[in-house]
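A.B. asks: this is the structure alone, sequence omitted:
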């Protein structure tokens with residue numbers, strides 16, 4: 001029946017089919033209920049799929065950038081990841097220099113040697129400069145055919161549109177990203193790039209400040225070397241005048257140099273302390289703003305750091321979290337299994353699902369993305385935790401619905417069966433097997449020619465195709481397994497199942 005077909009599709013997580021025939025009474029109510037359920041499940045599945053796609057991209061982007069410290073490598077990795085994830089044909093990333101208020105090209109994706117690409121933009125100059133000036137993205141459509149061709153090994157095509165957006169960290173302009181796509185840059189892709197801004201901006205801003213600090217330290221050292229050389233020259237000149245005067249002058253100069261060096265060291269120490277405090281503040285800001293629970297664990301399974309989201313998910317205060325070990329919250333891992341679990345991790349992201357135990361003893365389903373990394377001479381484990389209890393419940397409800405509709409099919413009183421265009425049995429009820437006197441497994445290997453007495457074998461395919469196009473109720477005769485012949489009435493109509 002039509003209801004069975006739609007229900008069967010829903011059971012297989014295919015929510016696009018609908019009941020279209022007109023019915024009366026309870027059947028019409030059933031039709032409306034089945035169609036409403038299918039539409040609701042289709043909408044929910046699409047929304048969850050889009051959310052999962054965005055969150056997966058954000059998580060993988062965070063993990064990719066977390067392992068890179070060099071600014072140039074970080075910028076190239078950023079544009080490569082984002083361009084690839086949103087299927088862009090080209091991409092470019094510009095770094096903003098506040099001193100000269102210019103944007104400089106620092107990374108690009110899928111450009112060829114003959115591409116004309118501007119390496120610098122002033123604020124307000126071109127689309128890149130305008131995005132930087134206004135801190136707002138710009139989506140361009142209907143580009144001219146000769147503008148920014150996308151080149152592959154086999155094709156050369158103009159982009160359908162470009163999407164240019166700013167990278168801003170705490171109201172500070174960090175840079176601008178421009179992507180060119182050969183297809184429509186739709187809303188889901190725009191949501192992903194906008195949610196990725198903080199993930200990109202924070203490490204780029206930090207790396208840029210680190211390089212500026214290194215350059216400042218290098219200039220300071222050069223000045224100190226020059227000052228020391230000047231001091232030696234003064235000392236040599238004083239020796240020529242007189243040994244005693246030279247000794248007195250040298251002592252005075254040495255004291256002066258020591259005072260200068262001491263002052264410089266004090267200033268450098270203050271700057272380093274300020275930089276460390278700023279770096280720690282950025283780290284805690286990133287941790288506190290993460291939507292997933294984040295934990296840092298040592299190789300003994302002890303919690304070394306976490307964000308407030310992780311503590312909230314487990315029902316602990318932040319002060320209590322640092323007394324915990326993996327078995328305190330993971331319901332599947334015993335203390336003696338910690339070493340085996342940690343040994344299985346690597347420096348590439350690993351995903352698995354488990355159950356976590358809250359402080360009150362209740363359990364919830366958790367999805368873990370973990371990676372091993374090395375910092376300050378120590379190996380640690382970074383783990384991102386997501387509560388998937390709702391997703392698991394939905395999967396359970398879908399499985400229950402599938403079992404429910406299979407039960408309806410198998411308990412039908414009519415001999416329900418679905419044939420392919422060759423007359424082979426595809427789907428059938430238990431009443432169908434009983435109708436022909438076969439056991440349930442035997443019935444699945446039958447062809448219509450094995451039981452229908454009235455349809456000639458040579459006309460079988462043609463008859464089935466006609467019934468697909470023109471539904472019909474007709475009388476015929478069926479042959480049971482034991483050879484007995486029975487008169488039956490058949491109600492046949494065509495349907496599309498799994499694209500066939």
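C.D. replies: Ah, there it is. Worth saying up front: this structure is predicted, and the values here are computed from it rather than measured. Numbers count the residues shown, from 1 in each chain.
A.B. asks: use CA for all of it now, contacts and neighbours both
C.D. replies: Fine.
A.B. asks: which residue ranges of the stretch 51-200 of the chain form helices?
C.D. replies: Here the stretch 51-200 of the chain has its helices, by DSSP state H, counting those that start in this stretch, at 71-85, 126-134, 187-195, 197-241.
A.B. asks: in the stretch 51-200 of the chain, which ranges drop under the pLDDT threshold?
C.D. replies: Residues of the stretch 51-200 of the chain that meet the criterion pLDDT under 70 lie in 112-117, 142-157.
A.B. asks: looking at the protein, which helix or strand does the model trust least?
C.D. replies: Within the chain, no helix or strand scores below strand 150-151, which has a mean of 52 by mean pLDDT, DSSP states H and E.
A.B. asks: dead centre of the chain: give me the residue that sits there.
C.D. replies: residue 56 (1.5 Å; CA atoms, centre = their mean).
A.B. asks: state which strand of this structure is the longest.
C.D. replies: Identified as the longest strand of the chain according to DSSP state E is strand 363-375.
A.B. asks: got the contact list for it?
C.D. replies: Here strand 363-375 makes contact (CA atoms under 8 Å, 6 or more residues apart in numbering) with 67, 331, 345-358, 379-389, 392.
A.B. asks: mark which of the residues you listed are part of strands, please.
C.D. replies: Counting by DSSP E, those place 350-357, 379-387 in strands.
A.B. asks: which of these are buried?
C.D. replies: Buried by 16 or more other CA atoms under 10 Å: 355-357, 380-387, out of the ones in strands among the contacts of strand 363-375.
A.B. asks: how about those residues in TSV, adding pLDDT and distance to residue 412?
C.D. replies: Formatted as TSV, those follow (pLDDT from 0 to 100; distance: CA to CA, whole Å):
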residue	pLDDT	distance to residue 412
355	93	40
356	94	43
357	94	44
380	89	59
381	89	55
382	89	54
383	90	50
384	90	48
385	93	46
386	92	43
387	92	40
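A.B. asks: which of those lies closest to residue 40?
C.D. replies: Nearest to residue 40, judged by CA to CA, of those is residue 387 at 22.8 Å.
A.B. asks: the nearest residue to that closest one once chain neighbours are set aside and residue 20: what is the separation?
C.D. replies: Spatial nearest neighbour of residue 387, excluding adjacent residues (CA to CA, 6 or more residues apart in numbering): residue 366 at 4.8 Å. As judged by CA to CA, to the nearest Å, residue 366 and residue 20 stand 40 Å apart.
A.B. asks: and those two? Which one has more around it.
C.D. replies: Using other CA atoms under 10 Å, the more surrounded residue of residue 366 and residue 20 is residue 366, with 20 against 11.
A.B. asks: beta partners of the more buried one?
C.D. replies: Counting by DSSP bridges, residue 366 is bridged to residue 354, residue 387.
A.B. asks: quick one, strands of the stretch 401-500 of the chain?
C.D. replies: 417-419, 425-428, 472-479, 485-492 (DSSP state E, counting those that start in this stretch).
A.B. asks: tell me which of the ones you listed sits most buried.
C.D. replies: Highest mean neighbour count among the strands of the stretch 401-500 of the chain (mean count of other CA atoms under 10 Å): strand 417-419, with a mean of 18.
A.B. asks: distance from that one to the middle of the chain?
C.D. replies: With CA atoms, centre = their mean, to the nearest Å as the basis, strand 417-419 stands 41 Å off its chain's centre.
A.B. asks: packing partners of it?
C.D. replies: Packed against strand 417-419, as judged by 3 or more CA pairs under 8 Å, 6 or more residues apart in numbering; DSSP states H and E, are the following elements: strand 425-428.
A.B. asks: quick one: contacts of the strand it packs on?
C.D. replies: Contacting residues not belonging to strand 425-428 are listed as 415-420, 443-448 [CA under 8 Å, 6+ apart].
A.B. asks: from those residues, which ones fall inside helices?
C.D. replies: Counting by DSSP state H, the contacts of strand 425-428 place residue 443 in helices.
A.B. asks: just among the contacts of strand 425-428, which is most surrounded?
C.D. replies: For the contacts of strand 425-428, neighbours were counted using other CA under 10 Å, and residue 443 has the most, 22 neighbours in all.
A.B. asks: and the residue lying closest to that one once chain neighbours are set aside, what's its pLDDT?
C.D. replies: Among residues not flanking residue 443 along the chain, residue 433 sits closest, at 5.4 Å (CA to CA, 6+ apart). The model reports residue 433 with a pLDDT of 93.
A.B. asks: equivalent analysis for residue 45, please.
C.D. replies: Looking at residue 45, the pLDDT reads 70.
A.B. asks: which elements pack onto the helix or strand hosting it?
C.D. replies: Counting by DSSP states H and E, the element that carries residue 45 is helix 26-66. Contact analysis of helix 26-66 by 3+ CA pairs under 8 Å, 6+ apart lists helix 2-11, helix 71-85, helix 187-195, helix 197-241 as its packing neighbours.
A.B. asks: what about the first one, average pLDDT?
C.D. replies: Okay, so that is helix 2-11. Per-residue scores along helix 2-11 average to 70.
A.B. asks: excluding chain neighbours, what is closest to residue 106?
C.D. replies: Leaving aside its chain neighbours, residue 106 sits nearest to residue 94 (5.5 Å; criterion: CA to CA, 6+ apart).
A.B. asks: about what we covered before: what's the offset of the helix holding residue 45 from the middle of its chain?
C.D. replies: 15 Å.
A.B. asks: equivalent analysis for stretch 440-458, please.
C.D. replies: Counting by CA atoms, centre = their mean, stretch 440-458 is centred 50 Å from the centre of its parent chain.
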